[in-house]
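*Asks:* how would this look folded up:
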Amino acid sequence: MLSQVWHQINTPVLYAIPVFVLSIVVEIFALRGDGESKGYLARDTRTSIGMGLISLAFTLVFKVLTLVVFVFLWHYAAPWHLPADTWWSWLLLMVAIDLAWYCNHRFSHRVRIGWVAHQAHHSSEYFNFGTALRQKWNPWSEALFWAPLALLGFSPWTIYVAFMLNQIYQFFTHTEAIGRLPRPVEYIFNTPSHHRVHHGSDPEYLDKNYAGILIIWDRLFGTFQAELHRPTYGLTKQVGTYNMLTLQYHEFGNIIRDVRGARGVRARLGYVFAPPGWSPNRLGERATAADRA
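*Replies:* This is a model prediction of the structure:
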């Protein structure tokens, strides 16, 4: 039973793994001798791949648990059920899942309890297809943003398939081997140029370009930033390790430390739910990613 569920909700990514591996090999050779790009560092890439492989196990647990919730919502609370065998329902779902991704991604950057999980993906100082595999082991927040899709009548298994297709697209935005694409493509879709900005730790690039497939969400909601120069990749304060446990969980330790040392309920809640970098000494100010610990 478990294997049947896993096959149904994760098949797209499993099929895409050989393509991911081939893409990494091709990119390694494409970036050799490119003075404008750092290319690959073997230790960094091994860490990214290891984090990606382990994330598959965490994803399995997450999907099995949330599938039960989504089926309940879809069966008992959704006012209607959309068909799963028409082109228009899949198109509608892909757009809806992309908007949900934008919201979840923005939440993961602007709310510290979301950032502590997501920051692992941004921890590499390299930007390549290997970096795309540096995935978090704590995907809990995604359930908050996917649940409304079940309430809208999308069959739960289709939500997972659509999300996996979205993730496969995003893999190919993690590269310096591709420059800017034709203007119409750059205007509508998330591209490597746009996503390089998102991974930049430069002040002008922080908290920008949350898009999955469609960059129009960033244009609509005021978070778009064009690529002005080659970004400085990684966190604003680098962790300085390739230890996967540290990369995944060090920020959880920082939250615990800050909450323990805080005075008052407001300060404790702020350290958990305010943006990264918030402190009670800066009440009323907007904390930005530049202040991230």
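*Asks:* can you pull the contacts of the residue nearest the centre of the chain?
*Replies:* Taking C-alpha atoms, centre = their mean as the criterion, residue 105 is the residue nearest the geometric centre of the chain, at 5.8 Å. Residues in contact with residue 105, defined by C-beta atoms under 8 Å, 6 or more residues apart in numbering, are 118, 210-212. (Each C-beta comes from the backbone N, C-alpha and C, glycine too.)
*Asks:* and the two most separated of those residues?
*Replies:* Using C-beta to C-beta, the contacts of residue 105 span at most 14.9 Å, a distance reached by 118 and 211.
*Asks:* quick one on the thing from earlier: helix, strand or coil for the residue nearest to the centre of the chain?
*Replies:* helix (DSSP: H, G, I helix; E, B strand; the rest coil).
*Asks:* low-confidence bits of the stretch 151-293 of the chain, can you list those?
*Replies:* Low-confidence segments of the stretch 151-293 of the chain (pLDDT under 70): 282-293.
*Asks:* swap in 90 and give it another go.
*Replies:* 157, 237-240, 261-264, 277-293 (pLDDT under 90).
*Asks:* quick one: which helix or strand includes residue 70?
*Replies:* Element membership for residue 70 (DSSP states H and E) is helix 42-72.
*Asks:* packing partners for that helix?
*Replies:* helix 2-31, helix 129-132, helix 140-151, helix 156-171, helix 244-261 (3 or more C-beta pairs under 8 Å, 6 or more residues apart in numbering; DSSP states H and E).
*Asks:* quick one: average pLDDT of that helix?
*Replies:* For helix 42-72, mean pLDDT is 90.
*Asks:* rewinding a little: ok, residue 118 and residue 211, which is more surrounded?
*Replies:* residue 211 (26 against 21; other C-beta atoms under 10 Å).
*Asks:* find the nearest non-adjacent residue to the more buried one, please.
*Replies:* Excluding the flanking residues, the one nearest residue 211 by C-beta to C-beta, 6 or more residues apart in numbering is residue 190, at 4.0 Å.
*Asks:* distance of the residue nearest to the centre of the chain relative to residue 154?
*Replies:* Applying C-beta to C-beta, to the nearest Å, the value for residue 105 to residue 154 is 20 Å.
*Asks:* again with residue 58
*Replies:* 24 Å.
*Asks:* look at these two and report which has more neighbours.
*Replies:* Neighbours were counted for residue 58 and for residue 154 using other C-beta under 10 Å; residue 154 has more, 25 against 16.
*Asks:* and that one, what element?
*Replies:* Applying DSSP H and E, one finds residue 154 in no helix or strand.
*Asks:* from what I see, residue 241 and residue 247 are in contact.
*Replies:* Yes. Assessed by C-beta atoms under 8 Å, residue 241 is found in contact with residue 247 at 6.7 Å.
*Asks:* compare neighbour counts for those two and give me the winner.
*Replies:* Taking other C-beta under 10 Å, residue 241 and residue 247 do not tie; residue 247 has more neighbours (23 against 12).
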